[in-house]
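Student: sequence first, then the predicted structure, then my questions.
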Amino acid sequence: MIGILIQKPSQVPTFRTDRDGLAFEELCDEIEHADILADKASKQEAQQEEFAAAKFDADKDKSQFRQYETASDRVKNFYLEQHAKQTVAYNLKARNDFHSKTRAEMSVWEAMERLNTLIDESDPDTDLSQIEHLLQSAEAMRRDGCPRWMQLTGLIHDLGKLLFFFDAQGQWDVVGDTFPVGCAFDDKIIYGNKSFSANPDVNDPIYSTENGIYTPGCGLENIMISWGHDEYLYHVVKDQSSLPDEALAMIRYHSFYPWHQQGAYRQFMNEHDERMLKAVKWFNPYDLYSKSDEKPCAEKLKVSLTSHCCCNY
Ligand code: FE
Ligand code: FE
């Protein structure tokens, strides 16, 4: 069992029924689409750089690689809000809330069904589904012979999205690419550092410096990553599972694209993080690209999963 939901002590857990699950689901899909475009772009760019290294005079047009800039207005507006509101102060508050509130227990499968219901309820005709994404990621890993702990990681990696229906301020503190707070916002973050102009931390004399409140080599474990479903689930799972460090890194950093895809913030890494980076890169294609696979049958898998996994929770 994993304690996944936040509730104030002695309060019965209730979900926010005023939240628009369908809009949330659509935004998640569009954010993912932007990440896929950026991923393809960075691979093309790496290829071009290799080519340019061989032929130093090759002309590069980097603008063609930033296709995510053509993403929908919804994604752009989402990131403007996220970049304005993810501050050190908010991050400390979210962490404090996490540690000071108690959570209800439920099994992983119950959490998956709950997440799915909350999103599907807003539109019964939707064919988009969180549970399918989780199953597809895990199934693709299983097909490829990935270790069982990784299949489980694929299965649960987005369960932190339950936060949206409970304790979050909005979508901006649940989903989207993540980045550190407490140091300068890197230009490699989606839409670049100019999109942070409304964030008060850019005017802070310490937070606005390259290393901010951190020291180079301090290890990502000591960095405050913007608050969202990744960071939330990482804290849930860190204390309540026997998953290996690689799995915890896959969960914590899977939306940390500026780091694992774009190469930013590497100055904070220690030796351990070098291994974790490899793990996150291993995980990433299963998250981004398994959606095109055949749709899994949730009911069929539920039987085999619950019969195999019930003793683990
Ligand atoms: Fe995610
Ligand atoms: Fe995901």
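Tutor: Received it, and whenever you're ready, just let me know what you need. Ligands and ions are numbered 1, 2, ... in the order given.
Student: next one: whichever strand or helix holds residue 115, is it in contact with ligand 2?
Tutor: In the assignment (DSSP states H and E), residue 115 maps to helix 108-121. No. Counting by Cβ under 5 Å from the ion, ligand 2 has no neighbours in helix 108-121; the shortest distance is 11.6 Å. Glycine gets a C-beta too; all of them are placed from N, C-alpha and C.
Student: state the next helix or strand along the chain beyond that helix.
Tutor: Taking DSSP H and E, what comes next after helix 108-121 is helix 130-143.
Student: residues touching the residue of the stretch 1-150 of the chain found nearest ligand 2, list them.
Tutor: Here the residue of the stretch 1-150 of the chain nearest ligand 2 is residue 133; by Cβ to the ion that distance is 5.7 Å. Contact analysis of residue 133 by Cβ atoms under 8 Å, 6 or more residues apart in numbering lists 158, 290, 291.
Student: redo that, cut-off 7 Å
Tutor: Residue 133 is in contact with 158, 291, counting by Cβ atoms under 7 Å, 6 or more residues apart in numbering.
Student: what parts of this structure come near ligand 2?
Tutor: Residues of the chain lying near ligand 2 (Cβ under 5 Å from the ion): 158, 287.
Student: can you show me the strands along the chain?
Tutor: 2-7, 102-106 (DSSP state E).
Student: before we move on, back to that, same for the helix holding residue 115, what does it pack against?
Tutor: strand 2-7, helix 21-54, helix 130-143, helix 298-309 (3 or more Cβ pairs under 7 Å, 6 or more residues apart in numbering; DSSP states H and E).
Student: return the member of the ones you listed having the minimum mean pLDDT.
Tutor: Lowest mean pLDDT within the helices and strands packed on helix 108-121: strand 2-7, at a mean of 48.
Student: tell me who's in contact with the residue of the stretch 51-200 of the chain found nearest ligand 2.
Tutor: Closest to ligand 2 within the stretch 51-200 of the chain is residue 158: 4.4 Å, counting by Cβ to the ion. By Cβ under 7 Å, 6+ apart, the contact set of residue 158 is 130, 133, 134, 229.
Student: for it, what are phi and psi?
Tutor: phi -110, psi 10 (degrees, to the nearest 10).
Student: correct me, but residue 187 touches residue 193?
Tutor: Yes. With contact defined as Cβ atoms under 7 Å, residue 187 reaches residue 193; the gap is 4.8 Å.
Student: and the pLDDT at the nearest residue to residue 162 once chain neighbours are set aside?
Tutor: Leaving aside its chain neighbours, residue 162 sits nearest to residue 115 (5.4 Å; criterion: Cβ to Cβ, 6 or more residues apart in numbering). As summarised for this prediction, residue 115 has a pLDDT of 85.
Student: quick one: contacts for residue 16?
Tutor: Contact analysis of residue 16 by Cβ under 7 Å, 6+ apart lists 165, 166.
Student: got the confidence number for it?
Tutor: At residue 16, the pLDDT recorded in the model is 74.
Student: ok, back up a step: and the gap between the residue nearest to residue 162 and residue 27?
Tutor: Applying Cβ to Cβ, to the nearest Å, the value for residue 115 to residue 27 is 15 Å.
Student: check residue 274 too.
Tutor: For residue 274, the distance to residue 27 - Cβ to Cβ - is 33 Å.
Student: what about those two, which has more around it?
Tutor: Remark: of residue 274 and residue 27, residue 27 carries more neighbours, 21 against 10, as counted by other Cβ atoms under 10 Å.
Student: OK, contacts around the more buried one?
Tutor: 74, 78, 171, 175.
Student: PyMOL command to pick out the buried ones of the residues you listed?
Tutor: In PyMOL syntax, the buried subset of these is picked out as below (16 or more other Cβ atoms under 10 Å):
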select buried, resi 78+171+175
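Student: could I get the contacts of residue 27 as a markdown table with distance to residue 141?
Tutor: A markdown table is the format used below for the contacts of residue 27 (distance: Cβ to Cβ, whole Å):
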| residue | distance to residue 141 |
| --- | --- |
| 74 | 30 |
| 78 | 28 |
| 171 | 27 |
| 175 | 22 |
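Student: make JSON lines from the contacts of residue 27 and add pLDDT to it.
Tutor: Putting the contacts of residue 27 into JSON lines (pLDDT from 0 to 100) gives the following:
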{"residue": "74", "pLDDT": "83"}
{"residue": "78", "pLDDT": "91"}
{"residue": "171", "pLDDT": "91"}
{"residue": "175", "pLDDT": "92"}
